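In: Got a predicted structure here, sequence first:
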Amino acid sequence: MIPSLPKAPIAVLLSGGIDSAVLLGDLLSQGGGVHPLFVRCGLRWEQDELTSIKRLLSEMAAPNLHPLVVLNAPVGDLYGQHWSIAGGGVPDEATDDDAVYLPGRNVLLLTKSMLWCHLHDVPAVALAVLRGNPFADSTPEFVTSLQAAVNQGIHGQVSVQRPYATLSKGDVLARANGVPLALTHSCLRSVGGLHCGRCNKCAERQKAFAAARRIDPTEYAKGGTAI
């Protein structure tokens, strides 16, 4: 079970992946207005994510679903030739999760999203952080501190919600009935718009479907079939 959120307007940070897509479905079922947000940072896979999000939103259309808002927070001037920008040395299925850490990304995503919420009278933003997330900018302590700092700076009261913080990816998949998982996208080096099947995120995706004993509906590029 996830905590019931108030039947009030809420924004949700979408990535195009499974977790945020299922969270979108959960929030829509609560009945309040849902504002989907996508923050574009200039990472090499973002166009595929955005395409996926637009398809998801079309498929999951509901009276309480607002139009997609795309915000920009470019990191090219910070990351330089990092693999997330340049594409070389993309973490593969053999790498630890630490290898996909993007410095400061959640600082940018949450700050930008909170500011949008404050300026549009939306009292909360939700993100699909799961149990066991290893990154320092996904911890409850970090989120609480950032929430306080941003609100102090804008005289605001926007809350950051992490309703999946006690769930595993398998738990999320168990909640996915009715969510078009085949339309989701979580790949670091897609091939012609298809999942490569070999990067760190594809491996995580494949293992999650296998652990949940669900058929993986993902179309993988040739040579990148599901494990």
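Out: Looks like it arrived, so ask away. Residues are numbered from 1 along each chain as shown.

In: okay, CA-based contacts and neighbour counts for the rest of this
Out: Fine.

In: Determine which residue of this protein is most distant from the centre point.
Out: Most distant residue from the mean C-alpha position of the chain: His155, 27.1 Å away (C-alpha atoms, centre = their mean).

In: Show the average pLDDT along the helix or strand hosting Ser52.
Out: Ser52 is located in helix 46-59, with elements delineated by DSSP states H and E. For helix 46-59, mean pLDDT rounds to 96.

In: counting contacts, what elements does the helix or strand that it is followed by pack onto?
Out: Tracing the chain C-terminally past helix 46-59 and defining elements by DSSP H and E, one meets strand 69-72 next. In terms of contacts (3 or more C-alpha pairs under 8 Å, 6 or more residues apart in numbering; DSSP states H and E), strand 69-72 is packed against strand 34-40.

In: what's the angle from the strand it packs on to helix 46-59?
Out: 170 degrees (axes from the mean of the first three to the mean of the last three C-alpha atoms, to 10 degrees).

In: How far does strand 34-40 sit from its chain's centre?
Out: Distance of strand 34-40 from the chain centroid (C-alpha atoms, centre = their mean, to the nearest Å) equals 10 Å.

In: now swap in stretch 160-177 and tell me
Out: The answer for stretch 160-177 is 12 Å, by C-alpha atoms, centre = their mean.

In: Likewise for stretch 89-102?
Out: Once both centres are worked out by C-alpha atoms, centre = their mean, stretch 89-102 turns out to sit 17 Å from its chain's centre.

In: Can you give me the end-to-end span of it?
Out: For stretch 89-102, the separation between the terminal residues is 14 Å (C-alpha to C-alpha, to the nearest Å).

In: State the mean pLDDT of it.
Out: Rounded mean pLDDT across stretch 89-102 is 86.

In: This structure: strands as residue ranges?
Out: 10-13, 34-40, 69-72, 124-126, 159-161 (DSSP state E).

In: Touching the fourth one from outside, list them.
Out: If you take C-alpha atoms under 8 Å, 6 or more residues apart in numbering as the criterion, strand 124-126 is touched by 9-13, 113-114, 117, 158-163.

In: 10 Å - rerun?
Out: Strand 124-126 is contacted from outside by 5-6, 8-14, 20, 23-24, 27, 34-37, 110, 113-114, 116-118, 157-164, using C-alpha atoms under 10 Å, 6 or more residues apart in numbering.
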